[in-house]
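Undergrad: what follows is a predicted structure for the sequence shown.
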Amino acid sequence: MAVLSMAICKSVGLLAPSVKDSSDLDPVEFPNLKIPFTLLKSDIPEGLLHADLDDNFVRLSLEAWEADINSWGVVVNSFEEIERDLMGVFESLYANHAKAYCVGPFLLYDRLGQDQVGVEVQSYLYIKWLNEQAESSGVIYVSFGTQSHFSDQQMDEIAFGLEMVGYPFIWVVRSSTWAPPDGWNERVGRRGLVVQDWVDQRSILAHRVTGGFLSHCGWNSVLESLSMGVPLLTWPALSFSDQPLNAKFVALGLGAGLMIPQRGVGGEKIMTVGRNVICDGVKELMGGEDGRRARERAQALGSLARHAVEKGGSSNLKLDELIEQLRIKNV
């Protein structure tokens, strides 16, 4: 999780009764916590407000919360350049003055690298397909993680939206029940590649032809995309997770992405996002003015992320500090 998401979640834990009494579309504010977008109650993970103690995930979260309260430090997969304004407030939420160590993005410590793909990965079908694409930054990558689930109706709308938009795409599909609509594969042809297996996501995002990521906004995926300088089209899929917070942080806080609308003009939640909305979102991200600005911002953040893990960078220095603290505490 990002420092921002953790700070919001901890603040909700301290002020839960007052938040529970508000409606889903009411703005939520916390003392001293400067959130770079309008936070709504509906953005907050559901389990924090309506905990079901019989739910395994909730019980695990409570155990983690207890361990967190008693810790002297928090290791964060992020980097200070995007979290600095929140660090002090986040640390102040710990009664024992615990310290946050932003030592990420973790993936950039792997020197197989973001600028080249490992020899083994080069043999994968989707990498060969990417290598065949001519236009730099012209491919939209679509993946919603391993835990998200969409109805078959929603999957059809995604399929039709990607067909309509005209850009080449890679779509990672994890549904065991969905099959493409009749004639869809033939109409899309080689312009689209559907992968129903594990993929090396970093290698896709690092490829020169990948220009956008339609994502569920799990924090690891967000960091992978930003580290490679790829803007996001955000579509949070799990309301009990930090995905809605991450989506707003990316698009409204960092300016490195755009958002798929989740609510109608009257504020009602959209149960099935239509093909036209998906098509318009991808078009704007890949070829619109807002998309151009998001791409420039993502590329700038990617440069900051890579510098953070280099010798003398903010994450590298924090990692050294963390190692020293571990050494002292184990003496």
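TA: Nice, thanks for sending it over.
Undergrad: what sits against the closest residue to residue 96 other than its chain neighbours?
TA: The shortest distance from residue 96 to any residue other than its chain neighbours is 6.8 Å, reached at residue 72 (C-beta to C-beta, 6 or more residues apart in numbering). Where C-beta positions appear, they are placed from N, C-alpha and C, glycine not excepted. Applying C-beta atoms under 8 Å, 6 or more residues apart in numbering to residue 72 gives the contacts 96, 98, 99, 329.
Undergrad: SS state for the first one?
TA: Secondary structure of residue 96, reduced to three states by DSSP: H, G, I helix; E, B strand; the rest coil: coil.
Undergrad: where does the stretch 151-300 of the chain have low pLDDT?
TA: Residues of the stretch 151-300 of the chain that meet the criterion pLDDT under 70 lie in 265-266.
Undergrad: show me where it has its strands.
TA: Here the stretch 151-300 of the chain has its strands, by DSSP state E, counting those that start in this stretch, at 169-172, 192-195, 210-215, 232-234, 257-259.
Undergrad: and residue 64, which of those is closest to it?
TA: Ranking these by their distance to residue 64 (criterion: C-beta to C-beta) puts strand 210-215 first, at 24.3 Å.
Undergrad: and the closest one, which strands flank it?
TA: The strands that strand 210-215 pairs with in its sheet are strand 139-143 (parallel), strand 232-234 (parallel) (by DSSP bridges).
Undergrad: contacts for it, please.
TA: When contacts are defined by C-beta under 8 Å, 6+ apart, strand 210-215 is touched by residues 130, 136-145, 204-205, 221-222, 225, 228, 230-235, 260, 278, 281-282, 285-286, 291, 295.
Undergrad: distance from the chain centre to that strand, please.
TA: Its chain's C-alpha centre lies 11 Å from the corresponding centre of strand 210-215 when counted by C-alpha atoms, centre = their mean, to the nearest Å.
Undergrad: do the same with stretch 308-328
TA: In this view, stretch 308-328 has its centroid 25 Å away from the chain centroid, taken as C-alpha atoms, centre = their mean.
Undergrad: CA atoms only: put that stretch into CSV for me.
TA: The C-alpha coordinates for stretch 308-328 follow below in CSV (Å, rounded to 0.1, in the frame of the first residue of the first chain):
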residue,chain,number,x,y,z
ALA,A,308,15.3,6.8,-6.0
VAL,A,309,16.7,3.3,-6.0
GLU,A,310,20.1,4.3,-7.3
LYS,A,311,23.1,4.9,-5.0
GLY,A,312,22.4,8.2,-3.2
GLY,A,313,18.7,8.2,-4.1
SER,A,314,16.0,8.6,-1.5
SER,A,315,14.9,4.9,-1.4
ASN,A,316,18.5,3.7,-1.4
LEU,A,317,19.4,5.9,1.5
LYS,A,318,16.3,4.8,3.4
LEU,A,319,17.2,1.2,2.8
ASP,A,320,20.6,1.8,4.3
GLU,A,321,19.0,3.5,7.3
LEU,A,322,16.6,0.6,7.8
ILE,A,323,19.4,-1.9,7.6
GLU,A,324,21.4,0.0,10.2
GLN,A,325,18.3,0.1,12.5
LEU,A,326,17.9,-3.6,12.2
ARG,A,327,21.5,-4.1,13.0
ILE,A,328,21.3,-1.9,16.1
